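Q: Fold the following for me, if possible:
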Amino acid sequence: MTNRLRQRFIRLAAVALAVHCTAFNAQPTQPKAPPATGKQEAEIRKLIEQLVFEHEKASETPLLSPGIDGNDKEYKKQFEKCQQAFRKLTEFKEAAFPFLIEHLDDKRPSIHFRNHYLGHSVGDACYWNIYFQLEDQPKDYSSYGHSRKGRDGKAHTKPYWEGTPFDEAGGLKAWLEQNKDLSYPEKQIKCLNWLLAREKAIGAPDAESYFENILPLEIRILERKQETGADVNRELNRLRKIMKGKLINEVPAELLPERSQR
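A: Modelled structure (predicted):
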């Protein structure tokens with residue numbers, strides 16, 4: 001390469017780098033959610049106290065849903081109180097996280113908030129409240145069961161039963177600390193990408209499995225990216241069209257079995 005060409009290459013590289021940096025800096029910065037106000041903190045702490053299941057059967061495991069084990073009105077009242085508190089805490093989004101984290105080791109009894117998980121302390125309830133918010137699983141994603149068939153035709157444990165996005169960080173508290181500079185939707189996107197990567201690794205035995213276990217996550221990720229100001233409308237509309245029409249020919253071939261195996 002001559003000196004003239006070398007200098008031209010350096011100038012072009014410098015221009016490209018400057019354009020890249022300018023474009024990167026132009027991306028909208030996601031504001032961090034403001035901390036809870038004094039009034040919100042008081043309400044959040046009150047709701048956490050309402051997660052306590054105050055009944056003589058509180059130590060039993062598992063705790064059955066009201067009506068299954070008799071017609072105890074107080075049992076039903078306490079059960080519904082815990083459920084309502086859990087829902088209201090979710091409405092505070094990450095403003096409630098610091099206070100929920102404070103109670104992760106709270107051993108007082110609550111009720112079950114996840115199937116097939118025997119723990120039902122207040123600490124468990126606080127953990128699952130944050131977990132469900134951040135994993136942000138769409139309603140049309142996955143179906144009941146511990147495992148599903150993959151691209152290879154074998155049964156695979158569903159990713160959300162095998163681990164969480166928080167494991168590699170050393171737990172939920174450590175994960176939140178490591179990702180404290182991310183906005184609420186950015187945290188959700190990171191957790192959804194963790195889940196999507198594992199679902200794609202399993203693959204799909206057929207198109208219907210793709211529509212159930214992979215595409216809903218791809219759509220949800222774009223929906224959350226849209227909230228951050230990213231320009232994803234075209235791709236989001238494309239994926240929604242594929243889902244609505246169940247367009248088999250649009251399923252990525254690499255996620256399906258080899259043609260000879262179909």
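
Q: show me what contacts residue 258?
A: Not one residue lies near residue 258 by C-beta atoms under 8 Å, 6 or more residues apart in numbering. Bear in mind the C-beta positions are built from the backbone N, C-alpha and C, glycine included.

Q: which residues sit in contact with residue 146?
A: Neighbouring residues of residue 146 by C-beta under 8 Å, 6+ apart: 116, 157, 158, 161.

Q: give me phi/psi at it?
A: Main-chain torsions, residue 146, degrees, to the nearest 10: phi -90, psi -30.

Q: Selection in PyMOL covering whichever of the contacts of residue 146 are buried, please.
A: Of the contacts of residue 146, the buried ones can be selected in PyMOL as follows, counting by 16 or more other C-beta atoms under 10 Å:
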select buried, resi 158
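
Q: Generate CSV for the contacts of residue 146, with pLDDT, distance to residue 238 and secondary structure as supplementary columns.
A: CSV is the format used below for these (pLDDT from 0 to 100; distance: C-beta to C-beta, whole Å; DSSP: H, G, I helix; E, B strand; the rest coil):
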residue, pLDDT, distance to residue 238, secondary structure
116, 75, 36, coil
157, 97, 31, strand
158, 97, 26, coil
161, 95, 31, helix
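
Q: Between the contacts of residue 146, which sits nearest residue 142?
A: Closest approach to residue 142 among the contacts of residue 146 (C-beta to C-beta): residue 158, at 6.5 Å.

Q: Give me the below-cutoff pLDDT ranges for this structure.
A: 1-30, 69, 260-262 (pLDDT under 70).

Q: can you give me the helices in it?
A: Secondary structure of the chain (DSSP state H): helices at 3-26, 38-49, 73-91, 97-102, 122-135, 159-162, 172-178, 184-202, 207-213, 215-227, 233-245.

Q: Count the neighbours of residue 83 for me.
A: Neighbour count for residue 83, taken as other C-beta atoms under 10 Å: 16.

Q: Who are the contact partners of it?
A: Residue 83 makes contacts with residue 111, as judged by C-beta under 8 Å, 6+ apart.
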